[in-house]
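K.L.:
Provide a 3D model corresponding to the input given below.
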Amino acid sequence: MILKIILYLICTLTGLFLFKSGGGSIQLGLSLSEISFHIPVKSLIGILFYGCSFLIWLTILKDGQISYLFPVVNSLVAIFTVIGGIVFFNEHLTGLQLVGIGVIIAGIFILNINRN
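P.N.:
All right, here's what the predicted structure looks like:
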């Protein structure tokens, strides 16, 4: 189960970061005679990673409790998204984000108290 969660996190975060890095040049054109859509290769690869993460997520949910898995795994996605924003996109960590990460980590620990 842990290996699936790690693989899910890698696919989800890779897809997200590829969307971010390639998303600036997505174009959608609409007119009465045609619809045009341009999506960069990075974003297409990001869609593939997201698709893989969705399939992995289905297998994780099949084997575990949704009431535990959803908050824990999505909290990890949030934490690693902030870290990835700092590392890959030179974003800055604010004091409130740091407090939020602390609250998320505390919540994960609370969810694990007396867990069988």
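
K.L.:
and the pLDDT at Ile56?
P.N.:
Model confidence at Ile56, given as pLDDT, is 97.

K.L.:
how close does the closest residue to it other than its chain neighbours sit to Ile60?
P.N.:
Distances taken as Cβ to Cβ, 6 or more residues apart in numbering place Tyr8 nearest to Ile56, at 4.4 Å, with adjacent residues excluded. C-betas here are computed from N, CA, C, even on glycine. Taking Cβ to Cβ, to the nearest Å as the measure, Tyr8 falls 6 Å from Ile60.

K.L.:
between these two, what contacts are shared?
P.N.:
Counting by Cβ atoms under 8 Å, 6 or more residues apart in numbering, the contacts common to Tyr8 and Ile60 are Val73.

K.L.:
so these two - more neighbours on which side?
P.N.:
Neighbour totals were compared for Tyr8 and Ile60, and Tyr8 leads with 22 against 18 (other Cβ atoms under 10 Å).

K.L.:
measure the more buried one to Gly107 for me?
P.N.:
19 Å.

K.L.:
same question for Leu58.
P.N.:
Separation of Leu58 from Gly107 (Cβ to Cβ): 24 Å.

K.L.:
so for these two, which residue has more residues nearby?
P.N.:
A count of neighbours by other Cβ under 10 Å puts Gly107 above the other of Leu58 and Gly107, at 13 against 9.

K.L.:
neighbours around Leu76, how many?
P.N.:
19.

K.L.:
can you pull the buried residues of stretch 14-22?
P.N.:
Neighbour-count burial for stretch 14-22, counted by 16 or more other Cβ atoms under 10 Å, picks out Thr14, Gly15, Leu16, Phe17, Leu18, Phe19, Lys20, Gly22.

K.L.:
quick one: strands adjacent to the helix or strand of the chain with the lowest mean pLDDT?
P.N.:
Least confident helix or strand of the chain, by mean pLDDT, DSSP states H and E, is strand 27-30 with a mean of 75. Using DSSP bridges, strand 27-30 pairs in its sheet with strand 35-38 (antiparallel).
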